[in-house]
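**Q** My questions concern the predicted model and sequence given below.
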Amino acid sequence: MTDKSRYVRFDWAIKRILRDKANKEVLEGLITVLLGEQVTITEILESEGNLDSREDKGNRVDVKAKTSEGEYILVEVQLTKERDFFQRILFGTAKNITDQISIGQDYNVIKKIYSINILYFEFGCGDDYAYHGVTTFRGMTKKDSVLELKTANEEKYISKSRMTMPEEVFPEYFLLLVSRFNEVAKTPIEEWMEYLKDAVIKEDTQVPGLQAAREKLAYMSMTEKERRAYEDYMISVHAARDAWETLKEEGREEGREEGREETKRENARRMKEDGMPAELIAKYTGLAVETVNSL
């Protein structure tokens with residue numbers, strides 16, 4: 001890849017570039033592709049998630065957006081390496097909910113929240129790279145019964161009368177597992193995943209957000225100072241990844257060693273049960289005589 005076709009990684013962009021409302025088309029495009037409808041960002045929110053700190057474990061930007069039907073929503077985009085990220089995104093959505101309402105206000109002022117999470121580490125089991133989760137209420141005695149909200153009395157408690165299902169009120173979650181993406185990019189979500197993983201954008205792309213990204217996130221469009229900072233960031237990312245892989249390998253080796261030790265002990269127990277002398281057991285297993293006697 002030549003410098004002229006290089007694009008900065010999304011985790012860098014969301015921290016340094018995409019919080020500028022002038023560059024909102026990129027983030028709008030990602031949200032539009034995931035939600036399946038046109039979304040317009042109306043405000044970059046002043047929130048804890050938008051604090052600019054190099055020490056942040058995850059990069060998050062909270063925005064207020066409007067769908068094609070005029071409904072305002074809150075979107076949280078987070079790039080995290082925390083292993084407790086389910087609790088982390090739960091906290092993020094809960095914080096956004098409580099920030100929307102003041103004491104004494106009706107609860108129907110609360111806006112819909114979509115939590116979009118881009119994960120640059122392997123997590124969980126599954127053969128897909130993109131997951132979507134919603135809240136539904138199913139019958140406990142009639143398993144095929146799903147709770148709906150239809151009566152006029154119920155509708156007054158939700159912000160839109162078109163909402164007939166609880167999942168249209170409760171937060172929704174998107175999990176994009178970047179490292180799992182190994183497809184040939186043909187669909188909009190696949191093109192976005194290709195960019196998230198490899199910072200690759202097709203020259204003829206028509207995918208929402210990626211056209212703007214080609215203009216706004218080009219490596220060569222940055223100043224020399226920005227490029228140096230970006231390269232420094234990428235070095236730190238690779239160093240952190242290598243350190244984590246080293247820790248995992250050391251953990252695996254330690255586990256293998258513990259397994260070998262336990263195997264020796266188990267063999268020694270069986271030999272001892274068969275009446276073999278402790279000195280001979282120690283010779284064949286490599287355990288100390290004292291250890292054999294303690295089994």
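**A** Alright, I've got the coordinates.

**Q** Name all residues that make contact with the nearest residue to K112 once chain neighbours are set aside.
**A** Of all residues beyond its chain neighbours, the one nearest K112 is I73 (4.5 Å), with distances taken as Cβ to Cβ, 6 or more residues apart in numbering. C-beta here means a position set from N, CA and C on the backbone, and glycine is covered the same way. By Cβ atoms under 8 Å, 6 or more residues apart in numbering, the residues touching I73 are V39, K64, A65, K66, T67, K111, K112, I113, Y114.

**Q** Which pLDDT value goes with the fourth one?
**A** Right, the one you point to is K66. With respect to pLDDT, K66 has a value of 89.

**Q** Now the phi/psi pair for it, please.
**A** phi -130, psi 130 (degrees, to the nearest 10).

**Q** and what of L119?
**A** The main-chain torsion angles of L119 are listed as degrees, to the nearest 10 and equal phi -110, psi 120.

**Q** thought it was touching F85?
**A** Yes. Look at L119 against F85 with Cβ atoms under 8 Å: they come within range, at 7.2 Å.

**Q** Look at these two and report which has more neighbours.
**A** In terms of neighbours (other Cβ atoms under 10 Å), L119 is the more surrounded of L119 and F85; the figures are 22 against 19.

**Q** ok, and the closest non-adjacent residue to that one?
**A** Taking Cβ to Cβ, 6+ apart, and ignoring the residues beside it in sequence, L119 has L177 as its nearest neighbour in space, at 5.3 Å.

**Q** can you pull the contacts of the one you found?
**A** Under the criterion of Cβ under 8 Å, 6+ apart, the contact partners of L177 comprise L119, E122, F123, D128, Y129, A130, Y131.

**Q** Going through the residues you listed, which ones are buried?
**A** Among the contacts of L177, the ones that count as buried by 16 or more other Cβ atoms under 10 Å are L119, F123, Y129, A130.
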